[in-house]
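K.L.:
The following comprises the amino acid sequence and a computationally predicted model.
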Amino acid sequence: MKYNKEPILVQEGRVFLDGVEVMDLVNCKIVLTLDVWEGKQVGEKTPSTRWKGHSIKVTITRRRSTPFLKDTLKKYLHSGETPEFTIQGLQLDKNSAYYKEYGKDAVTVVGCVLIGDITVLEIDVEGDVLDDTIVFNGKDLI
């Protein structure tokens, strides 16, 4: 394209949970948050900054079409073992400048554990469709 920009359109992509595509995906966001030390010594006008660590959060919103979450919860309640997942996200906007230069953008997060509230059942007279927003803590990016 000669005159127009070609940013990545976020509507083009796929997400896999333990190798199985999340077919009812609405959106996915993988965020790495840095844990930062910042400090000054006497006489310094600006602080020094250093990374101490990080946390990884994966948020997936899906339009519920399978009993995946309920099955996962039942398995945990029965066994007491914390379920751990691998999540891979792919951005596949073939018409973007990024894709033309580098190809697909793939991110894989391992050691993903569900956190927060999980809706088991929802009924609402004023509701629309049932979307699950599930959040995971990730252990590492590979």
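P.N.:
Perfect, thanks for sending it.

K.L.:
Could you look up the SS state of residue 60?
P.N.:
strand (DSSP: H, G, I helix; E, B strand; the rest coil).

K.L.:
Which strand residues bridge it?
P.N.:
residue 28, residue 134 (DSSP bridges).

K.L.:
again with residue 39
P.N.:
Under the criterion used here (DSSP bridges), residue 39 is bridged to residue 48.

K.L.:
Can you get me a residue count around it?
P.N.:
Using other CB atoms under 10 Å, residue 39 has 9 neighbouring residues. All C-beta atoms are positioned from the backbone trio N, CA, C, and that covers glycine.

K.L.:
ok, now residue 37?
P.N.:
11.

K.L.:
tell me which element it is part of?
P.N.:
Secondary structure assigned from DSSP states H and E places residue 37 in strand 25-39.

K.L.:
got the contact list for that strand?
P.N.:
By CB atoms under 8 Å, 6 or more residues apart in numbering, the residues outside strand 25-39 that reach it are 13-15, 22, 47-63, 87, 89, 107, 109, 131, 138, 141.

K.L.:
Look up how far residue 49 lies from the residue of the chain most remote from its centre.
P.N.:
Centroid-distance maximum for the chain: residue 43 at 42.4 Å, with CA atoms, centre = their mean. Using CB to CB, to the nearest Å, one gets 17 Å for the distance from residue 43 to residue 49.
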